[in-house]
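K.L.:
Please work out how this folds:
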Amino acid sequence: MNVRAVEQLQRLSEQKRDKLSAIYQQQRQQVDNYQQQLQLLSQLKQHYTGTEQTHGATINSAMLTNSNQLTSQLTTMIDHHQHEQAIMSAECDHSAQQLQASNQQVKRFEEVKKRWLAKQQYEQARKEQKQLEELINLRHKKRKI
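P.N.:
Reported below is the predicted structural model:
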């Protein structure tokens, strides 16, 4: 395995990390949006429930039926949003774990690349030193002759 292969693997790993990061950001945004929707639905239900009590004795059967239907629909919507948010949150957590693993893989490739470059530099310096020693020895032999 040479440095170019490690660099290519590192690039592929970085591309994968970037894609995972984009997916994670998108999922995080969806979770945040669902949280905001949940808050708005809860506020709507609280507001509606609060106004129901202020009407007091003026509620007739049609208003009571409408009130029950609205409360039921809001409760169903809130439950559905909570369920969806839980699923999205779990998916987001999984994506975060994948992103973290991908970041670690990129770092490992960076370390391997550094080691390979250091090894190549060492070998090159050793080769140059050996050539220099051979040149010095050759000159020394010529002087003896």
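K.L.:
Can you report how many residues lie near Y34?
P.N.:
By the criterion of other Cβ atoms under 10 Å, Y34 has 18 neighbours. Quick note: C-beta positions are derived from backbone N, CA and C, even for glycine.
K.L.:
Next one: it from R139, what distance?
P.N.:
Separation of Y34 from R139 (Cβ to Cβ, to the nearest Å): 80 Å.
K.L.:
S95: neighbouring residues, count only.
P.N.:
19.
K.L.:
OK, contacts around it?
P.N.:
The contact partners of S95, by Cβ atoms under 8 Å, 6 or more residues apart in numbering, come to 20, 23-24, 27.
K.L.:
Averaged over its residues, which helix or strand of the protein has the lowest pLDDT?
P.N.:
helix 3-55 (a mean of 87; mean pLDDT, DSSP states H and E).
K.L.:
Report how many residues lie close to the closest residue to M88 other than its chain neighbours.
P.N.:
Leaving out its chain neighbours, the residue that sits closest to M88 by Cβ to Cβ, 6 or more residues apart in numbering is V31, at 4.9 Å. Neighbour count for V31, taken as other Cβ under 10 Å: 20.
K.L.:
Thanks a lot, catch you later.
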